[in-house]
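Participant: Predicted coordinates and the sequence they were generated for:
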Amino acid sequence: MGLRFTTRRSDSPWVDTVWTCASEQTTSMTSVAGARWGLVFWKQAGRAYASITGPETRTGTAPVPQGATFTGIEFAVGTSLRAVPALVDGGIVLPDTTHRTFRLDGARWETPGPDDAEALVDRLVRAGAVVRDVLIVDVLRGHRPALSDRTVERRFRAATGLSRGAVRQIERARTAAELLAAGEPTPDVVAKLDYYDEPHLARALRAYVGRTVGQLREGVGGAIALDVDQRRTS
C-alpha cells in the first residue's frame, strides 16, 4: 500500500473536513475541485512544512513524496484567510516552519495534529486571521438576500475567488461523488441534485472529481482527496 488517506467531518462552522495522509512510497492521489481554502502541514525527511491551499477549479493529480505524513484542514465555503489574496488553482508554502510552530498573518502558531485542528482554527478566528462571509453560507443554502446579484457575485469572488455559479457546480459534483460512493442510485442523485440526466452527471464527475460512477461505486481508482470510502489506496 503506497498511501493511507483518511478524512473526517468537523463540527466547527469554520471547518469542513480534517484529513490525514501518510505515504510509504512515492505515489500520487487524485485532487478534487473545491471552493475551499485550506492549511496543510507535513513532515518529510526530518523537515517540517506548512502551506496554504486555495480553491481548485478542476480535478488533477497531486504527487506525494515517499515517507511523508500530512495533516490538512479544509475550511468551510465562505471562510478565508484575512491576509492572503485569492489563490485559485494555487497555493503558498509558508516560510520559517518548524516541527512545533508555523508563521501566519504576522504571528507564530502551534502546528496542529489531526485531533486539535479545530482548536487552532478557533485561535485564528479569535485573532482575526481567519474570517467568514456568512452571506455565502446563506446563499448556498437557498436563501435570497436583499442585495443585488452584482453585490452577491462580488462577495462570492472576494471570499472564494470563484463565481457563484462555479461554487455551486463544484459543490454539487462533490456531493454527487459522496452520495454515489455511499451507494445512492444514480437516477436518485441526478434528480436530487438537479442534473439534466446521467451523461450530465458523468461529465461533471470527470471534470471536477476525476472519477466515473463505476469507480466511485467500487472504491477504485486510487486515493482521492474527498470524503468517500477509501477502500483502495494503492
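Facilitator: Alright, I've got the coordinates.

Participant: by contact count, what packs against the lengthiest strand in the chain?
Facilitator: In the chain, assigned by DSSP state E, the strand with the most residues is strand 15-23. Secondary-structure packing of strand 15-23 (3 or more CB pairs under 8 Å, 6 or more residues apart in numbering; DSSP states H and E): strand 3-9, strand 69-75, helix 117-126. The way it works is simple: take the backbone N, C-alpha and C, and place the C-beta from them, glycine included.

Participant: Send me that strand as PDB with only the CA atoms.
Facilitator: Output of strand 15-23 as PDB, limited to C-alpha atoms (Å, rounded to 0.1, in the frame of the first residue of the first chain):
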ATOM      1  CA  VAL A  15     -14.100  23.900   9.200                       C
ATOM      2  CA  ASP A  16     -15.500  21.400   6.600                       C
ATOM      3  CA  THR A  17     -13.100  18.400   7.000                       C
ATOM      4  CA  VAL A  18      -9.800  17.400   8.600                       C
ATOM      5  CA  TRP A  19      -7.700  14.900   6.700                       C
ATOM      6  CA  THR A  20      -4.500  12.900   7.200                       C
ATOM      7  CA  CYS A  21      -2.300  11.200   4.800                       C
ATOM      8  CA  ALA A  22       0.900   9.000   5.100                       C
ATOM      9  CA  SER A  23       2.900   7.700   2.200                       C
END
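
Participant: For Gln44, name its beta-bridge partners.
Facilitator: Counting by DSSP bridges, Gln44 forms beta bridges with Arg47.

Participant: Tell me who's in contact with it.
Facilitator: For Gln44, the contact set (CB atoms under 8 Å, 6 or more residues apart in numbering) comprises 65, 67-69.

Participant: The same query, at a cut-off of 7 Å, please.
Facilitator: Neighbouring residues of Gln44 by CB atoms under 7 Å, 6 or more residues apart in numbering: 65, 67-68.

Participant: For Ala182, see how far away Arg154 is.
Facilitator: Distance of Arg154 to Ala182, given as CB to CB, to the nearest Å: 36 Å.

Participant: Tell me where this structure has helices.
Facilitator: Remark: helices assigned in the chain by DSSP state H are 117-126, 134-140, 149-160, 164-181, 186-192, 198-208, 213-218.

Participant: buried ones in the second one?
Facilitator: Translated: helix 134-140. For helix 134-140, the neighbour count (16 or more other CB atoms under 10 Å) marks 135-137, 139-140 as buried.

Participant: Could you list the residues in contact with that helix?
Facilitator: 77-78, 145, 152, 155-156, 159, 164, 171.
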